[in-house]
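K.L.:
please find the sequence and the predicted model below.
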Protein chains: 2
Amino acid sequence: MSIVVSIPGVDKTNWWIEQLQGLLPAWTIRSFHDPGDVEAVTYAVVWKPKTGAFLPFPNLKAIVSLGAGIDHVLADTKLPRQIPIIRTVGTDLTQRMREYVALHVLRHHRDMPTISANQRERRWKQLVVPPATNRTVGVMGLGNLGSAAASTLSALGFETLGWSRTKRDIEGITTFTGEAGFSAFVGRCEILVCLLPLTDATTGILDGRLFTRLPRGASVINAGRGQHLVEDDLLAALDSGQLSHATLDVFHVEPLPSEHPFWTHPHITVTPHIASLIDAPTGSRIVAANLERFEREGSVPDLADAERGY
Amino acid sequence: MSIVVSIPGVDKTNWWIEQLQGLLPAWTIRSFHDPGDVEAVTYAVVWKPKTGAFLPFPNLKAIVSLGAGIDHVLADTKLPRQIPIIRTVGTDLTQRMREYVALHVLRHHRDMPTISANQRERRWKQLVVPPATNRTVGVMGLGNLGSAAASTLSALGFETLGWSRTKRDIEGITTFTGEAGFSAFVGRCEILVCLLPLTDATTGILDGRLFTRLPRGASVINAGRGQHLVEDDLLAALDSGQLSHATLDVFHVEPLPSEHPFWTHPHITVTPHIASLIDAPTGSRIVAANLERFEREGSVPDLADAERGY
C-alpha cells in the first residue's frame, strides 16, 4: 500500500507526508514528485492537483481531497472519472464553519462595519437593530457544513431559511428546494450565506439577478467558492445600495491580488479563505482514519459524488 | 394611580409617556417636571434619575429601572431605601445580550481585529486558530443576562466557565463561586466577559491584578458597567502584551469623550453602549406589563434587591 501526496508548497507536502507516516506506519507515503513504484500507489492525497496529476498511477483506489469541496480535483480535465473521491470534513471543519457563519451573520446583523467606521471617527452613535428573532437569514447549500450553520443561526435566535437542490428537513429551519423554491427563498433573506458546492449549476449563482431579488439593503456572505460570485455584479449592487455589505472568504483568484478593488471597498469585508481552514494535525487524523476505513471497507461516509460534483 | 417618568432628554421622556399611556389608558402618566398631584403618584419610571428625584413623592409603591441594572437608581444618595425597584429585562434584552456576547467572543476567538487590519494593508494571511472546542471562555456574572450568554457560548462549542457571587448551576457550564473560586476561574479564561451588576464589591474588579491572573494573551469584553474597569490598568495590560484585545461597551463617562485614548487604541474595540439596548416599543410593553402585575400582585419576578445591589 502506497500513498502519494500533492499539495502546493514543498514544506506543506513534506509536513503532510511526515504527519501521515506517523499515523499510518505500515503504509509507504511519498511525494507526487518522487512517487517510487507508480504501480504500488493506491491512494493520492491532494489539494489543487495539476492537470494530469493522476495519470502516472494505474492502480489508484481513491483520491483524498484535503477539504470539503472536490471542485479542485474535478478541475483536472484528465482526471480518471471512475476513481472515488473522499472529502475531508470531520467535526472540526464543521465546527469552524459554524463559528465563521455565526460570527459574520451576527456582524452584519449588529452592523459592526458601521460601528467600526464610527470608532475610527470617534463617533458615539447608538444604532438600534431588531433582535435576531425579527431578522431573517438564509443559507444556500444544506450539506454537512450548510445544515450545521443553519442550525447554529436558528439556535442564536434568527428566523432561518435554507435552500438546497434536493429536499432537506432540518429542525427549526424553513427549507426551500430547487428552482421552484428559489424565488420565495431569496425574496426573504436579509442576510444570505452561500455554502454551496461549486458545480456547473452553481457557478455564478451570486449574480445581479439574485441580488435584485433580495430585500433592499440585504447583505451577502460567501464562504463557498469564489466562482459562485459574479464580482462586477456585486460591486454594482453595493454601489446602488441594493446590497449594504458583503463578506467574502473565497475569490476567483487566491490569494486575492493586491490591486483587486475588494480590498479597499468600504462595504466589503475580505477574509483570506479561513472560514473553515483545516488545521494540519486535525486534518491528518481525519485523512488517516478515512484511508484506513476505505482500505478496510471499500467506502467511507465522506465519499463525494463526482457526477453530481460534490 | 399615577406614574411619573424621568429619562434624560425631553423627547425621550415624552415618547415614553405617550407610549406607556397608550398601553395603560386607565393610569395617569406625567413627567417628573410636571407631576401634578404628588400624593397620587404611586410609580416612577426612570433612567439615571437625579439625586433626590423621588423625595417629592410620599406614596411611591415602586420604582421602575429602564434597564437590567439598578446602579443608576442606587446612585441617588437620597433614595428612600424601602421602595421596591423593578428591573426591566424581558426576552428581547436577553436575546440582544446573547447576540452581543456571541458576536464579540467569536470576533476575539477568530482574531477579526487582525484580519481587519490585514485587509486595510491588503495582506492575505491565513491565521489558524483552534476550534472553539479548544478555547476556554468565562462569563463573570450569572444573572438573567450572564447565564443566557454563557449557555449561548457553550452551544457554539466553547469550553465555557461561569463565575458568580452565589452558587449557580447551569447545564454545560463549569461554574465557580465567590472569592474562593475566583482564582481558578480567572486563571483559565482565554476570553473573559464581564456581565456583573455594579456593586461596591464589583467596582474596579477588572483591574491589573485580575489581568495578570488571566492566561497571557487573553482578551476581555466588558458589557457590564464602565466602573467595573480600571482604565489605566487595561491600557498597561494591553501595552505589555498580557492582554491581546479588549472590547468595551460601557465607560466611566458616556458618551465616551472624543479625546479618550480608547477610541484610537489599536487593540480596543469601542461599541457605544449598545450590547443590549432596549428598543422603546419592546421596553414599554415590558414596563407596562410589570406595572400592571405589581399593582395587582404587589410583586414581580424582576424585582431587584437593593441591599444586594442588583
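P.N.:
Structure received.

K.L.:
when you work out contacts or count neighbours from here on, use the C-alpha atoms and nothing else.
P.N.:
Will do.

K.L.:
for chain A, which residues are neighbours of chain B?
P.N.:
A:92, A:95-96, A:98-99, A:102-103, A:106-107, A:115-116, A:119-120, A:122-128, A:131-132, A:152, A:156-157, A:255-256, A:258, A:263-264, A:269-274, A:277, A:279 (C-alpha under 8 Å from any C-alpha of the partner chain).

K.L.:
can you select the buried ones among the residues you listed for me in PyMOL?
P.N.:
Buried subset of the residues of chain A next to chain B, written as a PyMOL selection, criterion 16 or more other C-alpha atoms under 10 Å in any protein chain shown:
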select buried, chain A and resi 92+95+96+98+99+102+103+106+107+115+119+122+123+124+131+132+152+156+157+256+263+264+269+270+271+272+273+274+277
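
K.L.:
in helices, which of the residues of chain A next to chain B appear?
P.N.:
Applying DSSP state H to those, the entries found in helices are A:92, A:95-96, A:98-99, A:102-103, A:106-107, A:115-116, A:119-120, A:152.

K.L.:
what is the nearest of those to B:Ile70?
P.N.:
A:Ile115 (27.0 Å; C-alpha to C-alpha).

K.L.:
which residue packs closest to that closest one, ignoring adjacent ones?
P.N.:
B:Thr271 (6.6 Å; C-alpha to C-alpha, 6 or more residues apart in numbering or on different chains).

K.L.:
for the one you found, what are its contacts?
P.N.:
By C-alpha atoms under 8 Å, 6 or more residues apart in numbering or on different chains, B:Thr271 lies in contact with A:Ile115, A:Gln119, A:Trp124, B:Thr247, B:Leu248, B:Asp249, B:Val250.

K.L.:
where along the stretch 101-250 of chain A do the helices fall?
P.N.:
A:112-120, A:144-155, A:178-186, A:208-213, A:231-240 (DSSP state H, counting those that start in this stretch).

K.L.:
buried set for the fourth one?
P.N.:
Same thing as helix A:208-213. A:Gly208, A:Phe211, A:Arg213.

K.L.:
will you turn these into JSON lines that also has pLDDT?
P.N.:
Formatted as JSON lines, the buried residues of helix A:208-213 follow (pLDDT from 0 to 100):
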{"residue": "A:Gly208", "pLDDT": "98"}
{"residue": "A:Phe211", "pLDDT": "98"}
{"residue": "A:Arg213", "pLDDT": "98"}
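
K.L.:
let me know the closest of those to B:Gly224.
P.N.:
So of these, ranked by how close each gets to B:Gly224 (C-alpha to C-alpha), first place is A:Phe211, at 39.3 Å.

K.L.:
thought the closest one was touching A:Gly241?
P.N.:
No: using C-alpha atoms under 8 Å, A:Phe211 is not in contact with A:Gly241, being 10.7 Å away.

K.L.:
from B:Ser164, how far out is A:Gly52?
P.N.:
A:Gly52 is 62 Å from B:Ser164, where distance means C-alpha to C-alpha, to the nearest Å.

K.L.:
more neighbours: which of the two?
P.N.:
B:Ser164 (22 against 12; other C-alpha atoms under 10 Å in any protein chain shown).

K.L.:
residue contacts, the more buried one?
P.N.:
Applying C-alpha under 8 Å, 6+ apart to B:Ser164 gives the contacts B:Met140, B:Gly141, B:Leu142, B:Thr175, B:Phe176, B:Thr177, B:Gly178.

K.L.:
correct me if wrong: the first one contacts B:Cys194.
P.N.:
I take that to be B:Met140. Yes: at 4.9 Å, B:Met140 and B:Cys194 qualify as touching, with contact defined as C-alpha under 8 Å.

K.L.:
ok, back up a step: so which of the helices of the stretch 101-250 of chain A is nearest A:Ala289?
P.N.:
Closest of the helices of the stretch 101-250 of chain A to A:Ala289 is helix A:144-155, at 18.3 Å (criterion: C-alpha to C-alpha).

K.L.:
off-centre distance for that closest one?
P.N.:
Once both centres are worked out by C-alpha atoms, centre = their mean, to the nearest Å, helix A:144-155 turns out to sit 14 Å from its chain's centre.

K.L.:
outside of it, which residues touch it?
P.N.:
A:94, A:97-98, A:101-102, A:138-142, A:160-162, A:170-173, A:195-196, B:156.

K.L.:
PyMOL command to pick out the buried ones of those?
P.N.:
The buried subset of the contacts of helix A:144-155, as determined by 16+ other C-alpha under 10 Å, is captured in PyMOL by this line:
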select buried, (chain A and resi 94+97+98+101+102+138+139+140+141+142+160+161+162+173+195+196) or (chain B and resi 156)
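
K.L.:
from the contacts of helix A:144-155, which land in strands?
P.N.:
Among the contacts of helix A:144-155, the ones falling in strands (DSSP state E) are A:Gly138, A:Val139, A:Met140, A:Thr160, A:Leu161, A:Gly162.

K.L.:
may I see the domains of chain A written out as residue ranges?
P.N.:
A:2-88+A:278-297, A:91-270 (automatic domain parsing).

K.L.:
which of those sits most buried?
P.N.:
domain A:91-270 (a mean of 19; mean count of other C-alpha atoms under 10 Å in any protein chain shown).

K.L.:
gap between the two ends of that domain?
P.N.:
With C-alpha to C-alpha applied, domain A:91-270 spans 25 Å between its terminal residues.

K.L.:
returning to what we had before: so which of the helices of the stretch 101-250 of chain A is nearest A:Pro35?
P.N.:
Across those, closest to A:Pro35 is helix A:144-155 (C-alpha to C-alpha), at 33.4 Å.

K.L.:
quick check: angle from that closest one to helix B:144-155?
P.N.:
Per axes from the mean of the first three to the mean of the last three C-alpha atoms, to 10 degrees, the angle that helix A:144-155 makes with helix B:144-155 is 170 degrees.

K.L.:
state the distance from the residue nearest to A:Ile115 to A:Arg122.
P.N.:
B:Thr271 is 11 Å from A:Arg122, by C-alpha to C-alpha.

K.L.:
which pLDDT value goes with the closest residue to A:Glu171 other than its chain neighbours?
P.N.:
Spatial nearest neighbour of A:Glu171, excluding adjacent residues (C-alpha to C-alpha, 6+ apart): A:Ser151 at 7.6 Å. With respect to pLDDT, A:Ser151 scores 98.

K.L.:
next one: A:Ala75
P.N.:
93.

K.L.:
secondary structure class for the nearest residue to it once chain neighbours are set aside?
P.N.:
Counting by C-alpha to C-alpha, 6+ apart, A:Ala75 lies nearest to A:Thr51, which is 7.7 Å off, once chain neighbours are set aside. With DSSP: H, G, I helix; E, B strand; the rest coil as the basis, the three-state label of A:Thr51 is coil.

K.L.:
tell me if I'm right that A:Thr51 and A:Thr77 touch.
P.N.:
Yes: applying C-alpha under 8 Å, one finds A:Thr51 in contact with A:Thr77, separated by 6.4 Å.

K.L.:
coming back round to it: B:Ala237 versus the residue nearest to A:Ile115, what's the distance?
P.N.:
For B:Thr271 relative to B:Ala237 (C-alpha to C-alpha), the value is 20 Å.

K.L.:
same deal with A:Asn118?
P.N.:
Taken as C-alpha to C-alpha, the span from A:Asn118 to B:Ala237 is 25 Å.
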